[in-house]
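K.L.:
Quick check, what structure comes out for this input:
(2 chains)
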Amino acid sequence: MLNMKKTGIILSLVLGLTSCIQTKYFVKSEKDLSLINWECNILNFLPIKNSDLENSPVLKTSYDLIVSKQYSKLNEYLSSIQTKNSEFYLCKTLYYISKTKYNEAFINLKKIDETSYSLIRDLLFVDLNYELEKQYNSENYNKHLQDYQKIIDKYPDNEYLKKIIALRVRYIRYNY
Amino acid sequence: MKKLLLILIPIFLISCSESKLLLKSLNQFQAPLNYVHDSKIINHDKSAKLAIKQTNFQSLNTLTSVSKINHKLFPFIIYNYEEINLAVKLGQSSLQENYPDFFKNAFATESERTGCYLLSDNINESDYSLEITCDTCKVESKYQRNCTVVFLLFAYSMSFQEIGFPAETNLLLNVKLNKGDNLVFEKKYQVYTAQPFLNVQRRNQVKLRADFVTNMAESLSLSTKNGIEQMIADINNAIKKNSAN
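P.N.:
Prediction:
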């Protein structure tokens, strides 16, 4: 009888210990119905057309290197460029966004002055403002919504932009 | 009989407490309703004046509620599976903005952008009066908790899982446009939206539940947006037709 008790206690101790080790606790959303993979959103949802990439070798190379996550190579590539024009600053901005260095990205974004990049500049300006405010826990959903509203009203015929902003608003909605 | 009761009573108590615990947890979160108006601003001739009369906007529940759908238990010798499905109904308590006020503001903003009329607060001075009745405003979703236990020879493995399902909104709006005492136009708008979740990795329980509430509010917000856009397009047509006659 005493032996049985001992065995019982030992067995329950072993079970208790192994359960502590093996217990898993995880939470997930309904996979099949998920729509967006936000993690690569910034690059997947930028208003850059294929023609923009074809016309600019700097932008094309930088874009490819960001997509393949070769950041050190991109840094080297950008350091080797002599002409510091809007394209260069846009690539630098995208590089720093990919590295989540939003302050540096913001500094480079302000240097973009070419009108052909005004849309992407305006959009990234609001995105970066949000990311910076998030770092200090001071993000305000309605304020960012108004900022995106201004961009939509500034470029009313751009249907692609509407889709991009809808995704941005979704992101803010779930992450503020 | 006694043994059966001893098994059934704890199961009943656990499943009752599950819904209360989830409700307590969901009540910590409030989600925003406001959205971006992506319609193109149209510069119509806004000579007609329209006053809105909103009625019955209380069809959205005051409090968010959780009720049990079912409780499944599969007790096998080496494999046990338990699943509790809970139905969550969105209430005003989970929203940052008051729903009738949000609707009124969204309608006013959209009217300013695309309406061929000017909104007025005074019914007596207006050419048209609009009566919007919200007959149904239901936002529902399912939340599942499941637990799997596998007994091995000297060990057992246990895993818990929580799944938030996409929110579904059913919005039924009844609109009547009057010119004086004459009915110009009447229509029922039924908007149904199933709002998918964002595919965000590395969620924890708190984040999942916060996202779950946000998903329900987002579903209501976008359904309202769709309803308002359809409504204003029809009001524009009705006013133009009426003016032509």
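
K.L.:
All the helices of chain B, in order from the start?
P.N.:
Along chain B, counting by DSSP state H, helices occupy B:2-26, B:99-114, B:205-244.

K.L.:
do you know which of the ones you listed lies nearest chain A?
P.N.:
helix B:205-244 (4.6 Å; CB to the nearest CB). Backbone N, C-alpha and C define where each C-beta goes, glycine included.

K.L.:
how far does that closest one sit from the chain's center?
P.N.:
How far helix B:205-244 lies from its chain's middle: 10 Å, per CA atoms, centre = their mean, to the nearest Å.

K.L.:
returning to what we had before: most tightly packed of the helices of chain B?
P.N.:
helix B:205-244 (a mean of 19; mean count of other CB atoms under 10 Å in any protein chain shown).

K.L.:
In contact with residue B:81, which residues?
P.N.:
Residues near residue B:81 by CB atoms under 8 Å, 6 or more residues apart in numbering or on different chains: B:72-74, B:146-149.

K.L.:
Kindly write the PyMOL command that selects the buried subset of those residues.
P.N.:
Selection of buried members from these for PyMOL, criterion 16 or more other CB atoms under 10 Å in any protein chain shown:
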select buried, chain B and resi 148+149
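
K.L.:
which stretches of chain A aren't confidently modelled?
P.N.:
Within chain A, the segments meeting pLDDT under 70 span A:1-2, A:8-45.

K.L.:
What's the end-to-end length of stretch B:87-100?
P.N.:
Length of stretch B:87-100, first residue to last, CA to CA, to the nearest Å: 24 Å.

K.L.:
For that stretch, give me every contacting residue.
P.N.:
Stretch B:87-100 is contacted from outside by B:22, B:26-27, B:29-34, B:54, B:57-58, B:60-69, B:102, B:137-143, B:167, B:212-213, B:216-217, B:220, using CB under 8 Å, 6+ apart.

K.L.:
Kindly write the PyMOL command that selects the buried subset of those residues.
P.N.:
A single PyMOL command selects the buried members of these (16+ other CB under 10 Å):
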select buried, chain B and resi 22+26+29+30+31+32+33+34+57+60+61+64+66+102+137+139+141+142+143+167+212+213+216+217+220
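
K.L.:
Look at the residue lying closest to residue A:56 once chain neighbours are set aside and give its secondary structure.
P.N.:
Once flanking residues are discounted, residue A:56 sits nearest to residue A:87: 5.3 Å by CB to CB, 6 or more residues apart in numbering or on different chains. Following DSSP: H, G, I helix; E, B strand; the rest coil, the label given to residue A:87 is helix.

K.L.:
number of nearby residues for residue A:87?
P.N.:
By other CB atoms under 10 Å in any protein chain shown, 21 other residues sit near residue A:87.

K.L.:
and it, what does it touch?
P.N.:
A:56, A:58-59, A:114, A:117.

K.L.:
Would you mind putting the residues you listed into a markdown table with neighbour count and secondary structure alongside?
P.N.:
Putting the contacts of residue A:87 into a markdown table (neighbours: other CB atoms under 10 Å in any protein chain shown; DSSP: H, G, I helix; E, B strand; the rest coil) gives the following:
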| residue | neighbour count | secondary structure |
| --- | --- | --- |
| A:56 | 20 | coil |
| A:58 | 16 | helix |
| A:59 | 19 | helix |
| A:114 | 12 | coil |
| A:117 | 21 | helix |
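
K.L.:
ok, those vs chain B, which is closest?
P.N.:
Of these, the one sitting nearest to chain B (CB to the nearest CB) turns out to be residue A:117, at 22.3 Å.

K.L.:
What is the burial count for residue A:156?
P.N.:
14.

K.L.:
Let me fix that, I meant to ask about residue B:179.
P.N.:
For residue B:179, the count of nearby residues is 17 (other CB under 10 Å).

K.L.:
Excluding chain neighbours, what is closest to it?
P.N.:
Once chain neighbours are set aside, the closest to residue B:179 by CB to CB, 6+ apart is residue B:128, at 5.4 Å.

K.L.:
Could you tell me how far residue A:169 is located from chain B?
P.N.:
According to CB to the nearest CB, to the nearest Å, residue A:169 and chain B sit 5 Å apart.

K.L.:
re the thing from before, if the residue nearest to residue B:179 is in a bridge, with which residues?
P.N.:
Taking DSSP bridges as the rule, residue B:128 bridges to residue B:50.

K.L.:
tell me the contacts of it?
P.N.:
Residues in contact with residue B:128 (CB under 8 Å, 6+ apart) are B:48-51, B:117, B:177-179, B:184, B:239.

K.L.:
that older thread, between the helices of chain B, which has the poorest mean confidence score?
P.N.:
When those are compared on mean pLDDT, helix B:2-26 scores lowest, with a mean of 74.

K.L.:
circling back: just the pLDDT at the residue nearest to residue B:179, thanks.
P.N.:
For residue B:128, the model assigns a pLDDT of 93.
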